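Asks: here you go, sequence then predicted model.
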Amino acid sequence: MAEETGHAKNVANFGIVISQCTGFGPKYNPNTPDLQILALTTL
């Protein structure tokens, strides 16, 4: 069984992180602009 590695897996995992952060709603409010939902989605 081949396991997915590399860029494709990183992109998929990053999508999961964005979904989880979005799920927190207004509780997710980082001070760093690079960690805000809009910046993560743009990245």
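Replies: Arrived safely, thanks for sending.

Asks: how many neighbours does residue 4 have?
Replies: Residue 4 has 7 neighbouring residues, counting by other CB atoms under 10 Å. All C-beta atoms are positioned from the backbone trio N, CA, C, and that covers glycine.

Asks: residues contacting it?
Replies: Residues near residue 4 by CB atoms under 8 Å, 6 or more residues apart in numbering: residue 12.

Asks: in three-state terms, label it for me.
Replies: coil (DSSP: H, G, I helix; E, B strand; the rest coil).

Asks: where does it land on pLDDT?
Replies: Residue-level confidence at residue 4 comes out at 75, pLDDT.

Asks: tell me the spacing between it and residue 12.
Replies: Residue 4 sits 8 Å away from residue 12, going by CB to CB, to the nearest Å.

Asks: and the closest residue in space to residue 36 that isn't next to it in sequence, helix, strand or coil?
Replies: Using CB to CB, 6 or more residues apart in numbering and skipping the chain neighbours, the partner closest in space to residue 36 is residue 30 (6.0 Å). Assigned state for residue 30: coil (three-state reduction, three-state DSSP).

Asks: quick check: residue 30 touching residue 39?
Replies: No: in this structure residue 30 lies outside contact range of residue 39 using CB atoms under 8 Å: 9.4 Å.

Asks: just the helices in this protein please.
Replies: 7-23, 37-42 (DSSP state H).

Asks: tell me how many other residues surround residue 22.
Replies: Neighbours of residue 22 (other CB under 10 Å): 12.

Asks: and the closest residue to it other than its chain neighbours, how many residues sit next to it?
Replies: Nearest residue to residue 22 in three dimensions, chain neighbours excluded: residue 37, at 5.8 Å (CB to CB, 6+ apart). Residues near residue 37, counting by other CB under 10 Å, number 14.
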